[in-house]
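*Asks:* return atomic coordinates for the entry below.
(4 chains)
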Number of protein chains: 2
Amino acid sequence: MKEITDRQKEALDFIEEFTRENGYAPSFREIGTAIGVTIGAVQKLLRILERKSLIRREAGRSRVLRVTRKESRIPIYAAARGGMPRIVDEDPKEYFDARATLGLRTGDRGIYVVGDSMINAGIADGSVVFFRRVQDVRDNDIVVARVEDGVTVKRYGRQGKKIVLKPENPLHEPIVVDPAVDSFEVIGKVVSVIKNYGKEAGHKEKKQK
Amino acid sequence: MKEITDRQKEALDFIEEFTRENGYAPSFREIGTAIGVTIGAVQKLLRILERKSLIRREAGRSRVLRVTRKESRIPIYAAARGGMPRIVDEDPKEYFDARATLGLRTGDRGIYVVGDSMINAGIADGSVVFFRRVQDVRDNDIVVARVEDGVTVKRYGRQGKKIVLKPENPLHEPIVVDPAVDSFEVIGKVVSVIKNYGKEAGHKEKKQK
DNA sequence: TCTTGTGGTATACAAATGTATACCTGCGGA
DNA sequence: TCCGCAGGTATACATTTGTATACCACAAGA
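*Replies:* So this is what the prediction gives:
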């Protein structure tokens, strides 16, 4: 009884897909046309889906169907220092929300990183770093900066009148910039980083060609 | 002329907020009530916003307004090996889409990491790692595993009949598990990682209380 | 001064959309 | 056999919602 019939799944899938593609929900008649039934049948299907709380609606309003399939959300579990119960049974601490989890705001930008110069700060080749324009840059902030015609990600520091862009990799040398002489600009301060292990693997395997 | 008036911004903000909170767009009259004007004024505002291509609509359909404010999307720029023009003027390579950029799929889960044992793999204290249940775990995959009652993130390896969970930090020792004796389970393979520098800072500054 | 664009009210209207009702079919269990 | 339930058609209806039109006020340019 907990299961879902083929028809119900058909309708649910259509609603989900339509919403994803259009940014808004389908009307009852659109659902009917899509799965090949009349509006009356759609009404009943939706009523059933709502009872099973697979969708949410609001009486009277149009195009307000929302699929509440929890499986499509990505849960994030809390970590514990010592022992920890099996994750599978645990309640998630939160659900993944990109902007919140990454601490992003409107106006932030991202850039793909090339090279391993910041590897010890968790920024690897192929990572995406997100940065934000800020008023004041402080020593030890990680910044995205332009030096002459190149853009680089480094740790920021001052040394007298000069600026030092320190890598986080013993194999690399710091870049020293004299603002009076060199063309230099801090584009933004790094807010967060993403690393995708799947993609990284793809990168490296290119070589074997 | 490129700018946006206060009223227009008011309407735009409301639409964006309403949509974010409800999952569907407001009707014209709802917008009017919210910003305190009649439907006629709303029509004009929306027409202007559409002309400025700040919103998208579809004639006749209800609740299909979508804010296309480019500023609310987060652009990601491509990296170049050598010189690179000023990012600000550059065309973005893509816009941030969490699932795509992180390589996530439905069913994936995330967990907050405690400790620095995987620091050299870019997984720091406070990071969120996303993982996926997989059929076959290979040597050198980074996995989320349960050992007895604790959950840990480590690099997976086999040594004869035993399993070695290797940290990526010279200060930590590998964990050796004998599946015949110990309670052990690979929960998933790590797909991607997020690190939020803002939050990390927050963590550490707690101490100064 | 005249024109244009923004922003506003009021009102009528048509189309889109959700809702309700009556009636039919087939299936599985009590 | 009877009943409940999923699933279906057909149709009428009320409400929501977008659209159109007329008219007003004000400020900035040409």
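*Asks:* DNA strand D contacts on chain A?
*Replies:* Applying C-beta under 7 Å from any atom of the strand, we find that chain A lies next to DNA strand D at A:5-8, A:36-41, A:44-45, A:48, A:60-62. For the C-beta atoms, the positions are set from N, CA and C on the backbone; glycine is no exception.
*Asks:* can you rerun that using 6 Å?
*Replies:* Counting by C-beta under 6 Å from any atom of the strand, chain A comes close to DNA strand D at A:5, A:7-8, A:37-41, A:44-45, A:48, A:60-62.
*Asks:* report all helices and strands that the strand ranked longest in chain A contacts.
*Replies:* Assignment by DSSP state E gives strand A:184-196 as the longest strand of chain A. On a contact count with 3 or more C-beta pairs under 8 Å, 6 or more residues apart in numbering or on different chains; DSSP states H and E, strand A:184-196 meets helix A:98-102, strand A:128-132, strand A:142-147, strand A:150-159, helix B:98-102, strand B:184-196, helix B:197-205.
*Asks:* what about the lengthiest helix in chain A, distance to the chain center?
*Replies:* The longest helix of chain A (DSSP state H) is helix A:6-22. With C-alpha atoms, centre = their mean, to the nearest Å as the basis, helix A:6-22 stands 24 Å off its chain's centre.
*Asks:* quick one: contacts of whichever helix or strand comes after it?
*Replies:* The first helix or strand that comes after helix A:6-22 along the chain, using DSSP states H and E, is helix A:28-35. Residues from elsewhere that reach helix A:28-35 (C-beta atoms under 8 Å, 6 or more residues apart in numbering or on different chains): A:7, A:10-11, A:14-15, A:18, A:26, A:38-39, A:41-43, A:45-46.
*Asks:* let me know the closest of those residues to A:I187.
*Replies:* A:F18 (39.6 Å; C-beta to C-beta).
*Asks:* quick check: pLDDT value at the spatially closest residue to the closest one that is not a sequence neighbour.
*Replies:* Closest residue to A:F18 apart from its sequence neighbours, by C-beta to C-beta, 6 or more residues apart in numbering or on different chains: A:P26 at 4.4 Å. Note on A:P26: pLDDT of 92.
*Asks:* of the contacts of helix A:28-35, which pair is most distant in space?
*Replies:* Largest pairwise distance in these, by C-beta to C-beta, is 18.2 Å, between A:F18 and A:T38.
*Asks:* mind checking pLDDT for the residue most central in space within chain A?
*Replies:* The centroid of chain A falls nearest to A:A98 when counting by C-alpha atoms, centre = their mean (4.0 Å). Looking at A:A98, its pLDDT is 75.
*Asks:* tell me the contacts of the nearest residue to it once chain neighbours are set aside?
*Replies:* Once flanking residues are discounted, A:A98 sits nearest to B:A98: 3.6 Å by C-beta to C-beta, 6+ apart. Taking C-beta under 8 Å, 6+ apart, we find B:A98 in contact with A:F96, A:A98, B:L104.
*Asks:* who wins on neighbours among the contacts of helix A:28-35?
*Replies:* A:A11 (27 neighbours; other C-beta atoms under 10 Å in any protein chain shown).
*Asks:* doesn't A:V42 make contact with that one?
*Replies:* Yes - look at A:A11 against A:V42 with C-beta atoms under 8 Å: they come within range, at 7.2 Å.
*Asks:* A:R47: neighbour count?
*Replies:* 12.
*Asks:* so it sits in a helix?
*Replies:* Yes - counting by DSSP: H, G, I helix; E, B strand; the rest coil, A:R47 is part of a helix.
*Asks:* quick check: phi and psi on the residue of chain A most remote from its centre?
*Replies:* For chain A, the largest distance from the centre (C-alpha atoms, centre = their mean) belongs to A:G40, which lies 39.8 Å off. With angles defined as degrees, to the nearest 10, A:G40 sits at phi -60, psi -40.
*Asks:* before we move on, what about A:I123?
*Replies:* Dihedral angles for A:I123 - degrees, to the nearest 10 - are phi -110, psi 110.
*Asks:* next, count neighbours for it.
*Replies:* The burial count for A:I123: 27, using other C-beta under 10 Å.
*Asks:* same question, the one 4 residues further on
*Replies:* Using other C-beta under 10 Å, the number of residues around A:S127 comes to 27.
*Asks:* residues in contact with A:V134?
*Replies:* Per C-beta under 8 Å, 6+ apart, neighbours of A:V134: A:G188, A:K189.
*Asks:* what's the answer for A:I194, then?
*Replies:* Contacts of A:I194 by C-beta under 8 Å, 6+ apart are A:L102, A:S127, A:V128, A:V129, A:F130, B:T101, B:L102, B:S192, B:V193, B:I194.
*Asks:* got the helices and strands packed on strand A:184-196 as CSV, with distance to A:D108 columns?
*Replies:* Converted to CSV, these look like this (distance: least, C-beta to C-beta, whole Å):
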stretch, distance to A:D108
helix A:98-102, 9
strand A:128-132, 5
strand A:142-147, 11
strand A:150-159, 15
helix B:98-102, 14
strand B:184-196, 12
helix B:197-205, 11
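*Asks:* just say which of the ones you listed is most tucked in.
*Replies:* strand A:128-132 (a mean of 23; mean count of other C-beta atoms under 10 Å in any protein chain shown).
*Asks:* could you give the separation of that one from the chain centroid?
*Replies:* So, by C-alpha atoms, centre = their mean, the centroid of strand A:128-132 is 12 Å from its chain's centroid.
*Asks:* looks like A:Y156 contacts A:D136 (just checking).
*Replies:* No - using C-beta under 8 Å, A:Y156 is not in contact with A:D136; the gap is 10.9 Å.
*Asks:* correct me, but A:S117 touches A:E173?
*Replies:* No - contact criterion C-beta under 8 Å: A:S117 and A:E173 do not qualify, at 9.4 Å.
*Asks:* what do these two both touch?
*Replies:* With C-beta under 8 Å, 6+ apart as the test, A:S117 and A:E173 both reach A:P167.
*Asks:* more neighbours, those two?
*Replies:* More crowded of A:S117 and A:E173, by other C-beta under 10 Å: A:S117, with 23 against 10.
*Asks:* which non-adjacent residue is nearest the more buried one?
*Replies:* Counting by C-beta to C-beta, 6+ apart, the residue nearest A:S117 is A:P167, at 4.0 Å.
*Asks:* for B:N196, see how far away that neighbour is.
*Replies:* 21 Å (C-beta to C-beta, to the nearest Å).
*Asks:* one more: A:I142?
*Replies:* Going from A:I142 to B:N196 by C-beta to C-beta gives 12 Å.
*Asks:* cool, and A:Y156?
*Replies:* Applying C-beta to C-beta to A:Y156 and B:N196 gives a distance of 19 Å.
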